[in-house]
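> model the following, please.
(2 chains)
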Amino acid sequence: MKSVLKNRLAWPVIALVALLAVNQIFRGDFLSLRMQDGHLYGSIIDIMRNGAPTILIALGMTLVIASRGIDLSVGAVVAIAGAASCAYIAASPEPASPATAAVAVVIAVVAGLVLGVWNGFLVSTIGVQPIIATLVLMTAGRGIAQLITDGQIVSVTNDSYKAIGAGYLFTLPISILITAVVFILAAVLTRRTALGTLIEAVGINPVASRLAGLRARNIIWIVYIFSAFCAAIAGLMISSNVTAADANNAGLYIEMDAILAVVIGGTSLAGGRYSLVGTVVGAFIIQTLTTTVYTLGIPPEVTLVFKALVVLTVCLLQAPKARNLLRNLKPASPLRTKEKVAV
Amino acid sequence: MAAHVVQNLPRAATARINTEKISRMNELAPVVEMTGIAIGFPGVKALDDVSFRLFPGEVHALMGENGAGKSTLIKALTGVYTIDSGRITVLGQQKNFSTPAESQAAGVSTVYQEVNLCPNLTVEENVLLGREPRRRGSIDWRSVRTRTREVLAQLHLEHVDPGSLLSEHSIAVQQLIAIARSVEVNAKVLVLDEPTSSLDADEVNQLFRVIRDLRDRGVAILFVSHFLEQVYELSDRMTVLRNGKLVGEYMTRELSRMNLISKMIGKDLEVLEELDQASARSQARLAAGAQPFMQAEGLGRKGSVSGVNLSIYPGEVVGLAGLLGAGRTETARLLFGADKSDEGSIKVKGQPLKLRSPRTAIDHGIGFCSEDRKEEGLIGDLTVRDNLVLAMQATKGWARRIPRRVQDELVAEFIETLDIRPANPDALIRNLSGGNQQKVLLARWMVTSPDLLILDEPTRGIDIGAKTQIQKLVNRLASEGMSILFISSELEEVLRLSDRIAIIKDRAMVAEISNDDVSVEDVLTVIAGGAQ
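Residues are numbered from 1 along each chain as shown, chains lettered A, B, ... in the order given. I've put the predicted structure just below:
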């Protein structure tokens, strides 16, 4: 039991299970799944589908944070990707054809990759601090998105495009499948190659890594490109789900949820060792919390406070200092206080 | 050995030495008396039954190789470490220090190698920090100023403006101001840990004048220095430690330098035997008349070192000697491309090479173990395995991961041959002891089979067992044909291992000598005189 608790994933998983249990207690049918018209329905599926964009972005963010960086621009990339694809579809001669949707997807992904290259360039080549480098795009990006959409909300009517965020395949929402594919891609990319270890090495000790012959520049470039790639896919998902591009509000504050998911998942903001599974669990916790708030009927005014409390608890449980405090409190607390008083 | 020497001092420290000085001292009670001190760390016995005494009005040098237990003993006295057993009395009172503050309150002041003051505060603020004279609750700046002036005057520092920022002054003056701080509290005992390591000759003289003044005023001074000459110039007595044990207490003027060194090193037959191998290697090289693996000509970098002329032949150990801060590490960094040189040239295997980054050097068969293991060597949160294959993986690039099977074989091989403990490839490297960490870092380079391995202080701060193992390893690698540039503060170690010795002084290379019957004093003479 003790060794299980020492695992970095232990507390996030316990928190997630506890949250799901609370929901199940208050709403008996919470964990049940049902089939309807060949589609799988249920609260769990809703949580996964609604959380898909956050999970995607958090996956990219995990690698960035592991390399000692941070990417604040993901929300802006979401907006730009959505704006670019929707603007293309809206302006194309055949706005409803699947081919148009396909080109729109390519445009969004390429836009994301270009933005990732820009972030990576600022951080790895120019040496701008990651928080500042990505702040540039965070603020400028919304402007770029507005330029693309001409300041309007661009609506599109294209069934193929709509399927990305709202469609089903093999009984499951397509957005969940896409997220699963990106997760596997990230896991293979980092753990089947040496990339994961090298990202961690750069994140833990950049000086020693350089002296061991590591070319940190390439590695940092890769993580920012991957992060922007994930954000672009999330941007497609979000705009597809509402069949419109909203330059102002698409992906607003999503970087905060993503960073939170990474931290809850046990990856330190100081860089170094990371856990993709932890990040996914973290993102689920955040999404399940939102659902729990509705299940419990918590008034909307205190929703954010409730969320904050749960997140604080999970983070405290992970902090070594807080854990030591807790451990010391349990068995010998009366004695210890006495000793202190005597001194 | 001199008959006066007292081996294993009796616990009731009544020395039977017939010298005037000692008999005068015997009339005085020691200010500090440490008896049977033992301190252990996991896996290491840092101090084992060590006794030490310090009389008022003397400069007492604590001598020993790195890792002998000098700093541990000091830290026991200054309350940084708590002792496992033994007794410490200060001014006749038994003390059980558990914090530095308690030690300070008992009258023990310490000045460390790195100045432990606040550079962005003024001189007077530093001198009186935490005990500023007050008037009606607020700091009385006028008395702060007068009090500081008085103290500075005692140390011949009249020219220092009490209102100036500490950072405006040289390290030497900052160190004197740190001493001023302890004078201000009227310390009975002053501990100086390597105070001269970053000072030039004039500054050393200034510091020594102050130390002698304080001694004449009855302060007991404990002095630790790597510089033998300074120890002989300044100290009245010395206590020698080796491997955490007491060797003995001696009058400085009765112990010759060579005797001191043999006491510090002890007799290490194993390594002495291998010395023969070293000379055999050297002859083999001469016979072959081979081409040097690496040649540096007039290599230098602005603000770092200049005029480094160095040839390193295959299968040869070249020692790089010089005082701390003389430019040894800087030289190593230039040869590895960790810093870019801006003058001179490097040839590798006869071909000119521009070293732009460590990676260029690695691609040409050069490896470098930094002296700063923690900051520049270890990836602390990764496993032994990841750390061990890191350099090899870096040269392959991220896309071509070294297969797990190959990793397992390599790691198992090196854990076995280098006796790395614990023998667990998946242990986090930060949990290993210093010696084992060093072995993993050596293995990191050995798996890349470099032609030249630059080792900067590879044996610093590690226990004596690991140290001998690493020295043996250096010998073995060289006999297998690897070139080694060996940098160490311990001249004895450099002498034992090297075929040739290059001497760096004042940030320039001053001499290169072949290591045939060269003594520590020979090298020290070069360092002191700078003559060929």
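> quick check: residues of the stretch 201-343 of chain A near chain B?
Applying CB under 8 Å from any CB of the partner chain, we find that the stretch 201-343 of chain A lies next to chain B at A:201, A:204-205, A:207-215, A:218-219, A:222, A:272-273. Backbone N, C-alpha and C define where each C-beta goes, glycine included.
> and residue A:40, what are its bridge partners?
Beta bridges link residue A:40 to residue A:35, judged by DSSP bridges.
> so how far is residue A:242 from it?
If you measure residue A:40 against residue A:242 using CB to CB, to the nearest Å, the figure is 22 Å.
> check what pLDDT residue A:47 gets.
Model confidence at residue A:47, given as pLDDT, is 86.
> what residues are bridge-paired with whatever residue of the stretch 151-300 of chain B ends up closest to chain A?
Closest residue of the stretch 151-300 of chain B to chain A, CB to the nearest CB: residue B:294 (17.3 Å). Residue B:294 forms beta bridges with residue B:312, residue B:348, as assigned by DSSP bridges.
> test for you: state the pLDDT assigned to the residue of chain B most remote from its centre.
Distance from the centre of chain B peaks at residue B:136, with 47.5 Å (CA atoms, centre = their mean). Residue B:136 carries a pLDDT value of 82.
> please apply the same query to residue A:62.
Looking at residue A:62, its pLDDT stands at 94.
> what sits against it?
A:186, A:262, A:265, A:267, A:274-276, A:279 (CB atoms under 8 Å, 6 or more residues apart in numbering or on different chains).
> also residue B:225?
Neighbours of residue B:225 in contact, by CB under 8 Å, 6+ apart: B:61, B:194-197, B:231.
> try it again at 10 Å.
Under the criterion of CB atoms under 10 Å, 6 or more residues apart in numbering or on different chains, the neighbours of residue B:225 are B:61-63, B:70, B:192-197, B:204, B:231, B:233-235.
> quick one: low-confidence parts of chain A?
Scanning chain A with the threshold set as pLDDT under 70 gives A:1-6, A:318, A:327-343.
> relative to residue A:231, how far out is the nearest residue to residue A:259 once chain neighbours are set aside?
Once flanking residues are discounted, residue A:259 sits nearest to residue A:61: 6.1 Å by CB to CB, 6 or more residues apart in numbering or on different chains. In this view, residue A:61 and residue A:231 are 9 Å apart by CB to CB.
> again, but for residue A:256
Distance from residue A:256 to residue A:231, by CB to CB: 14 Å.
> list residues touching both of those two?
Joint contacts of residue A:256 and residue A:231 (CB under 10 Å, 6+ apart) are A:74-75.
> which helices and strands does the helix or strand hosting residue B:454 pack with?
Using DSSP states H and E, residue B:454 sits in strand B:452-456. On a contact count with 3 or more CB pairs under 10 Å, 6 or more residues apart in numbering or on different chains; DSSP states H and E, strand B:452-456 meets strand B:317-321, helix B:328-336, strand B:366-369, helix B:434-446, helix B:464-479, strand B:483-487.
> please name the residues that touch residue B:96.
So residue B:96 contacts B:79, B:82-83, B:87-88, B:102 (CB under 10 Å, 6+ apart).
> ramachandran coordinates for it?
Dihedral angles of residue B:96 (phi, psi; degrees, to the nearest 10) stand at phi -130, psi 80.
> I'd like the next helix or strand past the helix or strand hosting residue B:75.
Assigned by DSSP H and E, residue B:75 falls within helix B:70-77. Sequence-wise, the next helix or strand downstream of helix B:70-77 (DSSP H and E) is strand B:85-90.
> quick check: angle from that following strand to helix B:70-77?
Angle of strand B:85-90 versus helix B:70-77, following axes from the mean of the first three to the mean of the last three CA atoms, to 10 degrees, is 70 degrees.
> ok, residue B:446 - how many residues close by?
Residues lying near residue B:446 (other CB atoms under 10 Å in any protein chain shown) number 23.
> just checking, it touches residue B:389?
No. Residue B:446 lies out of contact with residue B:389 (CB atoms under 10 Å); the separation is 11.3 Å.
> possible to save the contacts of residue B:96 as JSON lines with distance to residue B:221, neighbour count and pLDDT?
Formatted as JSON lines, the contacts of residue B:96 follow (distance: CB to CB, whole Å; neighbours: other CB atoms under 10 Å in any protein chain shown; pLDDT from 0 to 100):
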{"residue": "B:79", "distance to residue B:221": "18", "neighbour count": "22", "pLDDT": "84"}
{"residue": "B:82", "distance to residue B:221": "24", "neighbour count": "12", "pLDDT": "83"}
{"residue": "B:83", "distance to residue B:221": "22", "neighbour count": "23", "pLDDT": "85"}
{"residue": "B:87", "distance to residue B:221": "22", "neighbour count": "15", "pLDDT": "88"}
{"residue": "B:88", "distance to residue B:221": "18", "neighbour count": "22", "pLDDT": "88"}
{"residue": "B:102", "distance to residue B:221": "21", "neighbour count": "14", "pLDDT": "83"}
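> any idea how far chain B is from the residue nearest the centre of chain A?
Closest residue to the average C-alpha location of chain A: residue A:58 at 2.1 Å, with CA atoms, centre = their mean. From residue A:58 across to chain B, the span is 21 Å (CB to the nearest CB, to the nearest Å).
> contacting residues for that residue?
A:51, A:65, A:74, A:227, A:230, A:234, A:254-255, A:257-265, A:267, A:276, A:278-280, A:282-283, A:286.
> closest one to chain A out of the contacts of residue B:96, please.
Looking across the contacts of residue B:96 and measuring by CB to the nearest CB, the closest to chain A is residue B:102, at 12.3 Å.
> now that closest one: how far from residue A:216?
46 Å.
> the stretch 401-532 of chain B against chain A: which residues are in contact?
Residues of the stretch 401-532 of chain B that fall close to chain A, judged by CB under 10 Å from any CB of the partner chain: B:401-402, B:428, B:430, B:441, B:444-445, B:448.
> now for residue A:154: which residues touch it?
Contacts here follow CB under 10 Å, 6+ apart; on that basis residue A:154 touches A:82-83, A:85-91, A:148, A:239, A:243-247.
> so which of the residues you listed belong to helices?
A:82-83, A:85-91, A:148, A:239 (DSSP state H).
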